[in-house]
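> 3D model of this:
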Amino acid sequence: MLYFIVYSDTLSVFKKSSETDSAHLELKIKFHHNLISIDNNSKLLSSVIAQALDELGEKIDLENRKAAIAIDDSILSHSLSVISKKNQSNLSQKIKQELQGKWKELFRNYFSISESKKSSKNIFHTAEMNHYLREKIKLNFNNSGVDIKFLVPISSIVLSGTKSTQYAVTKSSRIYSIFNYSKKGFSFYRGSFTGKDKGFRRIVGLTDTAKFKERDFKNANLKHIMFNDVKIVEFFAKIIKDSSPILNFVKPFGVQILDNQNYSKARIVLDKSSHFNFSQYLQNIVAGLLTLGLLIFTLAAISDFDFIYNETPLNIQEIKEIQTKPPVNQVQKYRTSSYAAINEFEMITNSDNMDKIQSIVIVDSRININTNANDGISGAYTVTLSTVPSIESSILVYDLLSLISSIDNTSQFERTDGSFFDKISDNIVIRCESIDTSIKILQDVKQYNNLILRKILYTKTNNSVHLYITALRS
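Modelled structure (predicted):
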């Protein structure tokens, strides 16, 4: 396991000695831009993080390594929610509503994880991370061969070993960060004893404002516990070893810890629909659809769909915005073809002929199968559309991305702003490392009326599946 600490201006990597069980710094890299200043610039964030990892990779072998990442709280935001016990039946939704009230139109920019720990049972602490930053950290570490298991606020690590009467203190340059978790919930102070803006301000907290003295931090005492980077890593390693509950940005959005215990949320998945035998479809293909002209037409249609090549770390394409405005019922038409295409893909991948198939391309309701052989399986056809079950639920795009991460955190994705006819949308491209993972994600897509599958691309050579999804904004 490699241990990383991400500050706004530096990236450090640590290792633990198997003999002494102590941590030591391997390398520290300075970011070429301060992360706080660019946290809403997706492309620049990706470039800065990728460049730092490239520099690390020149001196440290990152390939096939697992990682535990601690992230400085100055890059994050924190919130406290007070929710009465009688209103806690849908806890995640209540916390989300409070966050929406706080962030207003910026709410979509943040990935949030919450807990109720060491405090009164109606006070909930939420840590919020810019979604672009989280996404680019995960993406670039994965592209460097690193499997991220933990992405944890430093505050959560240092508070794991303190009492409610104690303060955990960290220092970066001349700036102190001070944390406490008492019966009145999480508290966070930040400030300095020197410089033009000396003094401390409370970032978040319900307790009375605390007063701090410099001698309390310079002299060892039982009330103010000082943490340097090595001590943070050693606490982090112990948390992982003991499997102690801790907030983790790698895990799903929402409440993660209640009363010092992991909090699990049930997720309902629709049962797979029954399908006709695959050979029946092949007979129809051979009878009337397997013609060279139709194949050319299908390939031309794929080209006309105009997926743009985008040089991202995934090396995949993104969905181009559609500018025309068709009749209103066209949106429902695409929902219907999306539902049918998902069912068809499930049926194909579950068939006895799947081991012969080299690639599958599905664009809307058009299917193209290739086996590199004249075996009666390769060909192109249009799937028969059927009635879509009535679905009222919709999902925010960042909730969808967190759901994807919870299904398989090795999946990679890219999101871009777009429009679907006259509706504002998010275009999402997901790379799944297995067919099983893609099926699980597609089952979730079927549960929300604002998600439309536009394209599936499967290639046997690397066993990957790319899903192209449009998420309509409400």
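
> Run a quick neighbour tally on the residue nearest to residue 223 when sequence neighbours are not counted.
Spatial nearest neighbour of residue 223, excluding adjacent residues (CB to CB, 6 or more residues apart in numbering): residue 166 at 5.8 Å. Heads up, the C-betas are built off the backbone N, CA and C, glycines and all. By other CB atoms under 10 Å, 18 other residues sit near residue 166.

> contacting residues around residue 166?
Going by CB atoms under 8 Å, 6 or more residues apart in numbering, residue 166 touches 180, 222-225.

> Which strand residues bridge residue 6?
Bridge pairing for residue 6 (DSSP bridges) gives the partners residue 11, residue 71.

> That one and residue 71 touch, don't they?
Yes. Under the criterion of CB atoms under 8 Å, residue 6 makes contact with residue 71 at 4.6 Å.

> who's more crowded, the two?
Ranked by neighbour count (other CB under 10 Å), residue 6 and residue 71 place residue 71 first, with 26 against 21.

> could you measure residue 260 against residue 87, distance?
Distance of residue 260 to residue 87, computed by CB to CB, to the nearest Å: 22 Å.

> Revised request: answer the last question for residue 51.
Distance from residue 51 to residue 87, by CB to CB: 47 Å.

> out of the two, which sits in the busier spot?
Legend: neighbour count by other CB under 10 Å for residue 51 and residue 87, higher for residue 51 (15 against 10).

> Let me know the distance separating the more buried one from residue 146.
From residue 51 over to residue 146 the distance is 15 Å, taken as CB to CB.

> ok, now how distant is residue 206 from residue 429?
Distance of residue 206 to residue 429, given as CB to CB: 42 Å.

> The two: which is more packed in?
The residue with more neighbours, out of residue 206 and residue 429, is residue 429; 24 against 16, by other CB under 10 Å.

> The more buried one should be in a strand, yeah?
Yes. The assignment for residue 429, made by DSSP: H, G, I helix; E, B strand; the rest coil, places it in a strand.

> Please name the bridge partners of it.
Judged by DSSP bridges, the bridge partners of residue 429 are residue 414, residue 468.

> Residue 464 is in contact with that one, correct?
No. Assessed by CB under 8 Å, residue 429 is found out of contact with residue 464, at 12.0 Å.

> which regions of the stretch 151-300 of the chain sit below the pLDDT cut-off?
Scanning the stretch 151-300 of the chain for pLDDT under 70 picks out 264-300.

> And residue 83, how far from residue 258?
Separation of residue 83 from residue 258 (CB to CB): 12 Å.

> Residue 454: what secondary structure?
strand.

> can you check residue 368 too?
With three-state DSSP as the criterion, residue 368 reads strand.

> List the beta-bridge partners for it.
For residue 368, the beta-bridge partners are residue 361, residue 380 (DSSP bridges).

> ranges for the helices of this structure?
Residue ranges of the helices in the chain, as given by DSSP state H, are 42-57, 91-103, 131-143, 154-159, 214-218, 229-242, 278-284, 292-305, 329-349, 397-407, 435-445.

> List the residues that contact the closest residue to residue 159 other than its chain neighbours.
Sequence neighbours aside, residue 181 is the residue nearest to residue 159 in space, at 5.0 Å (criterion: CB to CB, 6+ apart). Residue 181 is in contact with 117-119, 125, 159, 162, 164, 187, counting by CB under 8 Å, 6+ apart.

> Give me the buried subset of those residues.
Buried residues within those, defined by neighbour count using 16 or more other CB atoms under 10 Å: 117-119, 125, 159, 162, 187.

> Need the max-distance pair from the residues you listed.
125 and 162 (14.5 Å; CB to CB).

> How much space separates the spatially most central residue of the chain from residue 444?
What sits nearest the mean C-alpha location of the chain, by CA atoms, centre = their mean, is residue 402, with 4.5 Å. According to CB to CB, residue 402 and residue 444 sit 11 Å apart.

> same thing with residue 36?
33 Å.

> Quick check on the two: which one has the bigger neighbour count.
Neighbour comparison, residue 36 and residue 444: the larger count goes to residue 444, with 19 against 14 (by other CB under 10 Å).

> any idea how far the more buried one lies from residue 395?
From residue 444 to residue 395 the distance is 8 Å (CB to CB).

> Ok, residue 111 next?
14 Å.

> Looking at those two, which has the bigger crowd around it?
Under the neighbour definition other CB under 10 Å, residue 111 and residue 395 were set side by side, and residue 111 has more, 21 against 18.

> That one against residue 126, yeah?
No. Applying CB under 8 Å, one finds residue 111 not in contact with residue 126, separated by 10.7 Å.

> what about stretch 179-192, start to end distance?
One end of stretch 179-192 sits 15 Å from the other (CA to CA, to the nearest Å).

> For stretch 371-379, list every residue counted as buried.
In stretch 371-379, counting by 16+ other CB under 10 Å, buried: 371, 377-379.

> Tell me how many other residues surround residue 194.
8.

> Oh, that last question was meant for residue 248, not what I typed.
Neighbour count for residue 248, taken as other CB under 10 Å: 21.

> With residue 197 instead?
Residue 197 has 9 nearby residues by other CB under 10 Å.

> what does residue 422 give?
Using other CB under 10 Å, residue 422 has 12 neighbouring residues.

> cool, residue 469 as well?
Other residues near residue 469 come to 26 when the count uses other CB under 10 Å.

> Next up, the contacts around it.
Counting by CB under 8 Å, 6+ apart, the residues that residue 469 touches are 427-430, 445, 451-454.
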